[in-house]
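*Asks:* Task: produce atomic coordinates for the following.
(3 chains)
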Amino acid sequence: MEVLDLTHRIASNTSGQGLHEITERVVSLVESAGIEAGLCTVFVQHTSASLIIQENADPSARHDLEVWLCRLVAENDPHFTHTAEGPDDMPSHIKSALTATSLAIPIIDGRLGLGTWQGIYLWEHRHRGSSRQLLIHIGT
Amino acid sequence: MEVLDLTHRIASNTSGQGLHEITERVVSLVESAGIEAGLCTVFVQHTSASLIIQENADPSARHDLEVWLCRLVAENDPHFTHTAEGPDDMPSHIKSALTATSLAIPIIDGRLGLGTWQGIYLWEHRHRGSSRQLLIHIGT
Amino acid sequence: MEVLDLTHRIASNTSGQGLHEITERVVSLVESAGIEAGLCTVFVQHTSASLIIQENADPSARHDLEVWLCRLVAENDPHFTHTAEGPDDMPSHIKSALTATSLAIPIIDGRLGLGTWQGIYLWEHRHRGSSRQLLIHIGT
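*Replies:* Residues are numbered from 1 along each chain as shown, chains lettered A, B, ... in the order given. Now for the predicted structure:
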């Protein structure tokens, strides 16, 4: 059994824009902690990727979500001045601002308290994926 | 006095789209915990309903918020492919993604640290309400 | 060294719409706590200002973010009914709803776990700034 109240580091490689599931990795850390009740917090250390809890059943929901957000936050907006890193740079910051940098999920009955249809996803907003760093805190 | 560091389950029945206040239920759980300082986390176990802290005084603010979001995330978007459950299915996932699945509110001087004009609301995004499950963690 | 598991109050004066950095004040409280691993939660006690973690390097990213959000949530929307406090009243509630009221950041190796390019900002949505109240909880 691991020491409680620890902060873990994990990395997740993304292959491009879209939702990358990390549910199993978070569930595994919570199970290792061996606590009955508590709180698990997931944090992404980037401003061009974010976190989201979404439907884990039908991939079409995640696809439509990605398409909708890309249409709301269009590339090549003539108002953008922060364009040095390419057309997906500023949209990725805006998408991060509209979604979550941290997620807090209670632990109940020794398990991560996700609903039946909820999965945890790292949302990559850059065209070219990269290695994204996450922190996961588990406390009582 | 209840045992500290507990995760509570509550259910909230929603009658349809819009903000349903849950402030008093959360305040009551925090008061029962009897702690001077700590953290209260509210989590919704669904991907078609979300959480929001908003103005608790004038109902017109909540009404305008609902109308604005329904116009931003229109039903019957021709780009949607995830339509099996009806025209409000995909918009409800998008609205959840743009708002919060978890809220963390510090406890200070023995009370939930909401500002004077802040209330906690469960935001139902489906036309037909249902019984929504929430988890509430209170820790030090 | 301060007592652990404390909730702190800080105030931040904003001079008008936009992102006001509070990173150093949060880092300082975490360092004073003297804990190796834990969780820091920042909460804003208002519904017309919010919190965001964004790029701390190039100010143009924050400028473009502000411009983009002001265009998405336009003032003088004919659908608004909550207009007693002026044209920036309802847009400020909507902008708060689309961003964050609370942020949870793990503490790791005795330091606040921000990524290299991440800063913590109080986002003022009213034209006229004011004194904004924040709560900061630090726990293990």
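*Asks:* From here on, just use CA atoms for contacts and neighbour counts.
*Replies:* Will do.
*Asks:* and the lengthiest helix in chain A, anywhere near chain B?
*Replies:* As assigned by DSSP state H, the longest helix anywhere in chain A is helix A:59-72. Yes - residues of helix A:59-72 are located near chain B by Cα under 8 Å from any Cα of the partner chain, namely A:Ser60, A:Ala61, A:Asp64, A:Leu65, A:Val67, A:Trp68.
*Asks:* so who does the closest residue to chain C within chain A touch?
*Replies:* In chain A, the residue that lies nearest chain C is A:Gln45 (4.3 Å; Cα to the nearest Cα). The contact partners of A:Gln45, by Cα atoms under 8 Å, 6 or more residues apart in numbering or on different chains, come to A:Thr101, A:Arg132, A:Gln133, A:Leu134, A:Leu135, C:Gly113, C:Leu114, C:Gly115, C:Thr116, C:Gln118.
*Asks:* so which of the residues you listed is the most crowded?
*Replies:* The residue in those with the most neighbours, by other Cα atoms under 10 Å in any protein chain shown, is A:Thr101 (27 neighbours).
*Asks:* what's the helix or strand for the closest residue in space to that one that isn't next to it in sequence?
*Replies:* Counting by Cα to Cα, 6 or more residues apart in numbering or on different chains, A:Ser50 is the residue found nearest to A:Thr101 once chain neighbours are left out, at 5.3 Å. Counting by DSSP states H and E, the element that carries A:Ser50 is strand A:49-55.
*Asks:* From chain B, how far out is A:Ile108?
*Replies:* 6 Å (Cα to the nearest Cα, to the nearest Å).
*Asks:* close enough to count as contact, that residue and A:Gly34?
*Replies:* No - assessed by Cα atoms under 8 Å, A:Ile108 is found out of contact with A:Gly34, at 11.2 Å.
*Asks:* Pick out whichever of the two has more residues nearby.
*Replies:* Neighbour totals were compared for A:Ile108 and A:Gly34, and A:Ile108 leads with 21 against 14 (other Cα under 10 Å).
*Asks:* Give me every residue in chain A that's in contact range of chain C.
*Replies:* Residues of chain A lying close to chain C (Cα under 8 Å from any Cα) are A:5-7, A:41, A:43, A:45-47, A:79-82, A:90, A:93-94, A:97-104, A:135-137, A:139.
*Asks:* right, and the helix or strand after the helix or strand hosting A:Thr7?
*Replies:* Using DSSP H and E, A:Thr7 maps to strand A:6-13. On the C-terminal side of strand A:6-13, the closest following helix or strand by DSSP H and E is strand A:18-21.
*Asks:* what's that next one packed up against?
*Replies:* helix A:59-72, strand A:118-124 (3 or more Cα pairs under 8 Å, 6 or more residues apart in numbering or on different chains; DSSP states H and E).
*Asks:* again, 10 Å this time
*Replies:* The contact analysis (3 or more Cα pairs under 10 Å, 6 or more residues apart in numbering or on different chains; DSSP states H and E) places strand A:18-21 against strand A:6-13, strand A:49-55, helix A:59-72, strand A:118-124.
*Asks:* Give the pairing partners of that strand; include direction for each.
*Replies:* strand A:118-124 (antiparallel) (DSSP bridges).
*Asks:* right, and the helix or strand after the strand it pairs with?
*Replies:* strand A:131-139.
*Asks:* Identify the residue nearest the geometric centre of chain A.
*Replies:* A:Leu51 (2.3 Å; Cα atoms, centre = their mean).
*Asks:* For chain B, see how far away that residue is.
*Replies:* 10 Å.
*Asks:* Contacts only, for that residue.
*Replies:* Residues near A:Leu51 by Cα atoms under 10 Å, 6 or more residues apart in numbering or on different chains: A:19-22, A:42-44, A:96, A:99-103, A:120-124, A:134, B:97.
*Asks:* Look up the residues forming beta bridges with it.
*Replies:* A:Ala100, A:Leu122.
*Asks:* Poorly predicted segments of chain A, please.
*Replies:* A:1-5 (pLDDT under 70).
*Asks:* quick revisit: most tightly packed of the helices and strands packed on strand A:18-21?
*Replies:* Most buried of the helices and strands packed on strand A:18-21, by mean neighbour count (mean count of other Cα atoms under 10 Å in any protein chain shown): strand A:49-55, with a mean of 25.
*Asks:* and that strand, how far from the chain's centre?
*Replies:* Between the centre of strand A:49-55 and the centre of its chain there are 4 Å (Cα atoms, centre = their mean, to the nearest Å).
*Asks:* Tally up the residues packed near A:Ser15, please.
*Replies:* A:Ser15: 14 neighbours (other Cα under 10 Å).
*Asks:* how near is it to A:Ser92?
*Replies:* 15 Å (Cα to Cα, to the nearest Å).
*Asks:* gap between the residue nearest to A:Thr101 and C:Arg9?
*Replies:* Spatial separation of A:Ser50 from C:Arg9 under the definition Cα to Cα is 28 Å.
*Asks:* re the thing from before, buried members of the residues of chain A next to chain C into PyMOL, please.
*Replies:* Remark: buried members of the residues of chain A next to chain C, expressed as a PyMOL selection using 16 or more other Cα atoms under 10 Å in any protein chain shown:
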select buried, chain A and resi 5+6+7+41+43+45+46+47+80+82+90+93+94+97+98+99+100+101+102+103+104+135+136+137+139
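*Asks:* Out of the contacts of A:Gln45, flag the one nearest to B:Ser28.
*Replies:* A:Thr101 (28.9 Å; Cα to Cα).
*Asks:* ok, that closest one - contacts?
*Replies:* Neighbour list for A:Thr101: A:42-52, A:122, A:134, C:52-54, C:100, C:103-105 [criterion: Cα under 10 Å, 6+ apart].
*Asks:* Equivalent analysis for A:His63, please.
*Replies:* A:Gly18, A:Leu19, B:Phe80, B:Thr81, B:His82.
*Asks:* Can you tell me the closest non-neighbouring residue to the second one?
*Replies:* Looking back up the chat, that one is A:Leu19. A:Trp123 (4.5 Å).
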